[in-house]
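Student: Just a sequence and a predicted model for now, questions to come.
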Amino acid sequence: MEGKKIPHKMLSQDAFSSWLGIEIIECEVGRVKVGLTIRKEMLNSMNNAHGGISYSLADTAFGFAANTHGKYAVSIETSINHIEALNEGDYLTAESVIEKVVNKLGFNIVEVKRGDELVALFKGVVYRTSKDWE
């Protein structure tokens, strides 16, 4: 399967990301940018977006980009730094760029933004299997 088509296939099979309202904004081999709008049911007890929302958006960008190289790739370790509080109605984007694929492990940083403002920084390690996307 052509690499830039893989994230679209993944999203079509991903009930959680679909429920979040994640959309693919840009997609090419090694780079995926996704976005979502924060809804009321995504807010925590302090009336800010739950940290899991920006985490999930970044994790989706990371996973989609890692798979564009044609092999099944799964995250094995991830973490996030939350920099700014997020509110209902905010539109977030997360872009993952994985340029170099040289071995089974890949390391990546994903920036989550509200417009041009950096609101979270996600770090991830991916394991690339030998299984091809069909």
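Tutor: On my side now, so go ahead.
Student: What ranges does this structure have for its helices?
Tutor: Secondary structure of the chain (DSSP state H): helices located at 6-12, 15-20, 51-67.
Student: Quick one: those helices as JSON lines, columns for mean pLDDT and mean neighbour count too.
Tutor: Just so you know, the C-beta spots here come from the backbone N, C-alpha and C atoms, and that holds for glycine as well. Below are the helices of the chain laid out as JSON lines (pLDDT from 0 to 100; neighbours: other CB atoms under 10 Å):
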{"stretch": "helix 6-12", "mean pLDDT": "95", "mean neighbour count": "17"}
{"stretch": "helix 15-20", "mean pLDDT": "96", "mean neighbour count": "13"}
{"stretch": "helix 51-67", "mean pLDDT": "97", "mean neighbour count": "24"}
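Student: Adding distance to Lys33, write the ones you listed out as a markdown table.
Tutor: As requested, the helices of the chain are arranged in a markdown table below (distance: least, CB to CB, whole Å):
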| stretch | distance to Lys33 |
| --- | --- |
| helix 6-12 | 10 |
| helix 15-20 | 14 |
| helix 51-67 | 7 |
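Student: mind checking which of those helices is nearest Lys131?
Tutor: The stretch from the helices of the chain with the least distance to Lys131 (CB to CB) is helix 51-67; that distance is 10.6 Å.
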